[in-house]
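Trainee: Any chance you can model this:
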Amino acid sequence: MEVRDKLYIGGAWVPSTGKGVIEVVNSTTEEVIGTIPEGTPEDVDRAARCAADAFGEWSATSREERSKTLERVQEALTARTTEIATLISQEVGMPFTLSNLIQVGLPRHELRGRGAARHRVPLRGRGGELAHRPRARGRGGCHHTVELPVAPDRGQGGAGARGGVHRGG
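Mentor: Numbers count the residues shown, from 1 in each chain. I've put the predicted structure just below:
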């Protein structure tokens with residue numbers, strides 16, 4: 001049984017301000033497979049403050065460094081894919097194949113795309129900067145992703161503003 005007694009806040013594992021514990025239950029066997037701290041409103045406030053404090057430094061980091069960081073996160077997630085997909089399958093009852101593909105695979109894929117951001121070629125378009133990144137896809141096909149800026153004056157792309165066209169494959 002996995003016992004976690006701390007929360008990850010501000011880049012470190014820290015104890016919760018509360019005393020409660022949440023049992024993590026295997027949805028198939030109904031056995032307790034782990035425990036985690038029951039976070040409190042104070043823990044949430046502390047995490048939000050840390051995130052707000054970190055935003056200034058993160059936003060001042062170069063695109064190159066942010067891309068490298070996201071690539072390292074993607075590599076770490078890839079290294080633990082089986083472990084994470086297995087745990088998700090046990091907890092929520094999702095078949096391992098789907099857990100591996102959706103719950104772990106999609107974040108890995110998205111992080112890989114974000115980490116590749118430093119390889120994008122900026123293009124000028126109506127309403128601000130555009131970033132175009134063709135990627136090989138399938139048999140002779142290509143997936144073209146164009147990221148539109150969330151704030152055109154600052155040229156910041158966002159996942160919600162992304163669209164793609166898939167041809168071939």
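Trainee: Just the helices from this structure, written as ranges.
Mentor: 41-60, 63-79, 81-92, 96-98, 105-115 (DSSP state H).
Trainee: Of all those, which one comes closest to Lys6?
Mentor: Between Lys6 and these, the shortest gap by CB to CB is with helix 41-60, which sits at 10.5 Å. C-beta: built from backbone N, CA, C; applies to glycine.
Trainee: re the thing from before, among the helices of the chain, where is the model least confident on average?
Mentor: Of all the helices of the chain, mean pLDDT reaches its minimum on helix 105-115 (a mean of 80).
Trainee: and the gap between the closest residue to Cys50 other than its chain neighbours and Glu91?
Mentor: Distances taken as CB to CB, 6 or more residues apart in numbering place Gly10 nearest to Cys50, at 3.6 Å, with adjacent residues excluded. Distance of Gly10 to Glu91, computed by CB to CB, to the nearest Å: 26 Å.
Trainee: again with His109
Mentor: Where Glu91 is concerned, His109 sits at a distance of 22 Å (CB to CB).
Trainee: So which of the two has more stuff around it?
Mentor: It is Glu91, of His109 and Glu91, that has more neighbours when counted by other CB atoms under 10 Å, with 16 against 12.
Trainee: pretty sure the more buried one contacts Thr28?
Mentor: No: assessed by CB atoms under 8 Å, Glu91 is found out of contact with Thr28, at 9.8 Å.
Trainee: Show me how this protein divides into domains.
Mentor: 1-60, 62-119, 121-169 (automatic domain parsing).
Trainee: What's the end-to-end length of the first one?
Mentor: It refers to domain 1-60. 41 Å (CA to CA, to the nearest Å).
Trainee: what sits against Val14?
Mentor: Residues near Val14 by CB atoms under 8 Å, 6 or more residues apart in numbering: 6-8.
Trainee: just the buried members of these?
Mentor: For those, a burial check counting by 16 or more other CB atoms under 10 Å picks out Leu7.
Trainee: With respect to Ile36, which of the contacts of Val14 is nearest?
Mentor: Using CB to CB, Leu7 is the member of the contacts of Val14 that sits closest to Ile36, with 8.3 Å.
Trainee: what pLDDT does that closest one get?
Mentor: 95.
Trainee: you'd agree it is up against Glu42?
Mentor: No: in this structure Leu7 lies outside contact range of Glu42 using CB under 8 Å: 11.0 Å.
Trainee: related to what we said a few turns ago, who are the contact partners of the residue nearest to Cys50?
Mentor: So Gly10 contacts 46-47, 50, 53-54 (CB under 8 Å, 6+ apart).
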